[in-house]
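Participant: predicted model and sequence follow; I will ask about them next.
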Amino acid sequence: MEHSPPPFFKRGPTPLVRLLLCSLLSIALLIADARYRYLDDIRRVAAVIVYPLQRLAAAPGEMLARIGEFFVAQSTLHDNNLRLAEQNLLTGAKLQKYNALAAENAHLRELLAARQRFPERTIAAEVLYAGRDPFTRKIIIDKGEQHGIKAGQPAIDQFGVIGQVTRVYPWLAEITLVTDKEQLVPVQNVRNGLRAVLGGTGSTDQLELKFIPLNADFQNGYAHEPEAVAESVKLCIATGVAGLSIEDNTGDASKPLYEDKIAVARIEAARRAIDQSGIPVVLTARCEASLVGHPNAFDFALKRLTEFAEAGADCLYAPGVQKPDEIAQIVKTVAPKPLNLLVSGFNHQLSLSQLADLGVRRISVGSGLALAAWGTFLRAAKDIKTNGTFDLLAKGAASADLNKLFQEES
């Protein structure tokens, strides 16, 4: 007579098969969630169910924190009140200035028949806890869909943007911080209008500025006549540059510098081309009197840079200037326009702090780094040939450091 075991003792799939099935199911759910977002509704329902439990679990900690705040020392409160009163005065002054600018902006928009901007609406929120995934940088706040939070909204603190709302639940919201390696934030330099993209690295204290705008050394504009310079500038802008420089060097050794009238007209033409494009490209005007060996290079450059500033150049540049008093005089003459200074072997004794004190606002090293590298190469080669020694090779960069440098993502 054949006996079969009771149902309680029946054996199902082996543990290995169960593990394989669960793994396949997990992978399928991950793909469905990441690609097709099928689990969003399930996640929202789960968030609603778990929310009371989260608040209940957080209640003891919140209660202890409130009790601690209740027993704050009187001296601490006094110091905080003084600090807040001072901050209120400073904020009040800034608010008055903001209101005046807002009124002026509204008037200008009315004159230009421009579309009015809607006033910004802000929602104060408190951080409840950080995300559980150690490979991401996310936080959970105590405001959600019921409070007007929407996916895509920026999250800011008193210093600026800290992240973006990426997931919203009825009473909670998830914010991905700017330090997350998958997060990208468009940024703008308010001083010159240049734009870039700021990306997270996964580290809490490091960000990466991606796609840094390029400044073009545009020679003499690859043209002589002002109209032709303007056309060249338009083509240059179309490549996506953030800045370009136009020099007054003709390329003709017999007559190396353009005459005053045409030199100024060339900068004016470049300025018009940039303004017509509507793109805030930085225009740098260069006077190369020192480089071509003009007998009175400093006075000539001082006069020409002044004319270039009046013609619409954003930044002034006279490569070859090296004396501190001459640098200071140029800075003062072209102010408030910034001065760019070339630093190379002929004026290497000047330090960054010295140049900042003189008023220099931008520094170029030109071919300085390449010349330094080639100089070391030539000295080492000469040492090997003449003396048969290899001492200078000991000062070279380590191969491992160079490999690591070139392997890093750009």
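Facilitator: Everything's here; your move.
Participant: next, count neighbours for residue 142.
Facilitator: 16 (other CB atoms under 10 Å). C-beta here means a position set from N, CA and C on the backbone, and glycine is covered the same way.
Participant: residues in contact with the helix or strand containing residue 307?
Facilitator: Following DSSP states H and E, one finds residue 307 within helix 297-310. Helix 297-310 has contacts (CB atoms under 8 Å, 6 or more residues apart in numbering) with 248, 257, 260, 263-264, 267, 285, 287, 289-290, 294, 316, 318, 320-321, 326, 329-330, 333-334, 337.
Participant: let's see it at 6 Å
Facilitator: With contact meaning CB atoms under 6 Å, 6 or more residues apart in numbering, helix 297-310 is reached by 264, 267, 285, 287, 289-290, 294, 316, 318, 326, 333-334, 337.
Participant: next one: stretch 277-295
Facilitator: By CB under 6 Å, 6+ apart, stretch 277-295 touches 192-193, 237, 243, 245-249, 256, 267, 270, 274, 297, 300-301, 304-305, 308, 313-320.
Participant: what subset of those is buried?
Facilitator: Neighbour counting with 16 or more other CB atoms under 10 Å marks 237, 243, 245-249, 256, 267, 270, 274, 297, 300-301, 304-305, 308, 313-320 as buried within the contacts of stretch 277-295.
Participant: the residue lying closest to residue 211 once chain neighbours are set aside - how many residues pack around it?
Facilitator: Excluding the flanking residues, the one nearest residue 211 by CB to CB, 6 or more residues apart in numbering is residue 197, at 5.2 Å. Using other CB under 10 Å, residue 197 has 13 neighbouring residues.
Participant: for residue 387, see how far away residue 197 is.
Facilitator: 51 Å (CB to CB, to the nearest Å).
Participant: residue 269 too?
Facilitator: Distance from residue 269 to residue 387, by CB to CB: 56 Å.
Participant: what is the nearest of the contacts of helix 297-310 to residue 353?
Facilitator: Nearest to residue 353, judged by CB to CB, of the contacts of helix 297-310 is residue 326 at 18.5 Å.
Participant: sorry, back to before: with just CA atoms, put the helix holding residue 307 into CSV.
Facilitator: C-alpha atoms of helix 297-310 as CSV (Å, rounded to 0.1, in the frame of the first residue of the first chain):
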residue,chain,number,x,y,z
ALA,A,297,54.5,100.9,-25.4
PHE,A,298,53.1,101.8,-22.0
ASP,A,299,51.7,105.2,-22.9
PHE,A,300,50.4,103.8,-26.2
ALA,A,301,48.6,100.9,-24.5
LEU,A,302,47.2,103.1,-21.8
LYS,A,303,45.6,105.4,-24.4
ARG,A,304,44.3,102.6,-26.5
LEU,A,305,42.9,100.5,-23.7
THR,A,306,40.9,103.6,-22.6
GLU,A,307,39.5,103.9,-26.1
PHE,A,308,38.7,100.2,-26.2
ALA,A,309,36.8,100.5,-22.9
GLU,A,310,34.7,103.3,-24.3
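Participant: what does the following helix or strand past it rub up against?
Facilitator: Next helix or strand after helix 297-310 toward the C-terminus (DSSP H and E): strand 315-317. Residues outside strand 315-317 that contact it (CB under 6 Å, 6+ apart): 284, 285, 286, 305, 309, 334, 337, 338, 339, 340.
Participant: and strand 315-317, which strands flank it?
Facilitator: strand 282-286 (parallel), strand 339-342 (parallel) (DSSP bridges).
Participant: just those: most buried one?
Facilitator: strand 282-286 (a mean of 25; mean count of other CB atoms under 10 Å).
Participant: what average pLDDT does that strand get?
Facilitator: Mean per-residue pLDDT for strand 282-286: 95.
Participant: what segments of the stretch 151-300 of the chain are helices?
Facilitator: 226-238, 260-277, 297-310 (DSSP state H, counting those that start in this stretch).
Participant: the last one vs strand 282-286, what angle?
Facilitator: Relative orientation of helix 297-310 and strand 282-286, computed by axes from the mean of the first three to the mean of the last three CA atoms, to 10 degrees: 150 degrees.
Participant: kindly report the same for the longest one.
Facilitator: Using the same axes, to 10 degrees, the direction of helix 260-277 lies 170 degrees away from that of strand 282-286.
Participant: begin at 48 from here
Facilitator: Noted, 48 is the first residue going forward, which turns the last one into helix 307-324.
Participant: buried set for helix 307-324?
Facilitator: Applying 16+ other CB under 10 Å to helix 307-324 flags 310, 311, 312, 313, 314, 315, 316, 317, 318, 320, 321 as buried.
Participant: now do the first one
Facilitator: Taking 16+ other CB under 10 Å as the neighbour-count basis, helix 273-285 is seen to contain the buried residues 273, 276, 277, 279, 280, 283, 284.
Participant: and the residue nearest to residue 258, bridged to which residues?
Facilitator: Applying DSSP bridges, one finds that residue 244 bridges with residue 233, residue 257.
Participant: look up how far residue 234 lies from it.
Facilitator: 7 Å.
Participant: count the neighbours of the closest residue to residue 296 other than its chain neighbours for me.
Facilitator: Of all residues not flanking residue 296 in the chain, residue 335 sits nearest, at 4.4 Å (CB to CB, 6+ apart). Neighbour count of residue 335, defined by other CB under 10 Å: 21.
Participant: tell me the phi and psi of residue 335?
Facilitator: phi -110, psi 30 (degrees, to the nearest 10).
Participant: compute the distance from the centre of the helix or strand encompassing residue 109 to the centre of its chain.
Facilitator: If you go by DSSP H and E, residue 109 is part of helix 87-117. How far helix 87-117 lies from its chain's middle: 36 Å, per CA atoms, centre = their mean, to the nearest Å.
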